[in-house]
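Peer 1: okay, sequence plus prediction incoming.
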Amino acid sequence: MTETTSDAQRRLLDAARNSFAARGFHGTTTRDIAAAAGMSPAAVYVHYRTKESLLYAISLAGHESTLRALREAQRSADDPAGRLAATVRRLVLGHVTGHTMARVVNYELAALSPEHRVVIDELRYDIQQVIRGALADGTDSGEFDCVDIGMTTNAIMGMCIDVARWYDERDAWLPERIADHSARMALRMAGHRGRKC
């Protein structure tokens, strides 16, 4: 969401996000979204042409925020292991603390229109390249013993994203503990040759 997003738009986006997370895109009606936002059904269409355009706005904001956060995390370390650990920590923390948003942006992709899906897929590719780049750098330097960078990237991304599906705020595991554990697992998956994880 941008600074120019109105209060009404924010309320609709929040209501849509929560409704999509609870009932899925196809199980949610614009009437559900309007009711959750405390607005009339007609008000939805004043701000968003379709239910899919709401999903796209949520997906775009979520993916752009994730990409910014991972690039920032990547700049916080000088070596491949540090970059991989920092980006995985940040990705997992985002998926734990924002698990409702993460469930929508990762598991409702099929409901996007083809033109919107292209934009989101490009962002997802850029996000994946942050992880892949750290793995490639570590493999090139000999810091990682990574046999298949592509498959390892997919495995690490899957581990990070899936946190949003199983995380429950009632669990005893703190978000930071989950993020640190995931970073250690990512280093093991990369074949990190450095200190014990």
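Peer 2: That came in fine, so what should we check first? Residues are numbered from 1 along each chain as shown.
Peer 1: and the worst-scoring helix or strand of the chain on mean pLDDT, how far from the chain's centre?
Peer 2: The weakest-scoring helix or strand in the chain, judged by mean pLDDT, DSSP states H and E, is helix 41-47 (a mean of 87). Taking the mean of its C-alpha atoms, helix 41-47 sits 28 Å from the chain's own mean (Cα atoms, centre = their mean, to the nearest Å).
Peer 1: which other helices and strands does that helix contact?
Peer 2: Applying 3 or more Cβ pairs under 8 Å, 6 or more residues apart in numbering; DSSP states H and E, one finds that helix 41-47 contacts helix 7-23, helix 30-37. Where you see a C-beta, it was placed from the backbone N, CA and C, and this is true even at glycine.
Peer 1: looking at those helices, which is closest to Leu187?
Peer 2: Shortest separation from Leu187 across the helices and strands packed on helix 41-47 is recorded for helix 7-23, at 30.8 Å, computed as Cβ to Cβ.
Peer 1: now do the helices in the protein.
Peer 2: Chain-ordered helices for the chain, with DSSP state H as the definition, fall at 7-23, 30-37, 41-47, 51-74, 80-97, 99-107, 114-141, 149-166, 175-189.
Peer 1: where among the ones you listed is average confidence lowest?
Peer 2: Out of the helices of the chain, helix 41-47 stands lowest, with a mean of 87 (criterion: mean pLDDT).
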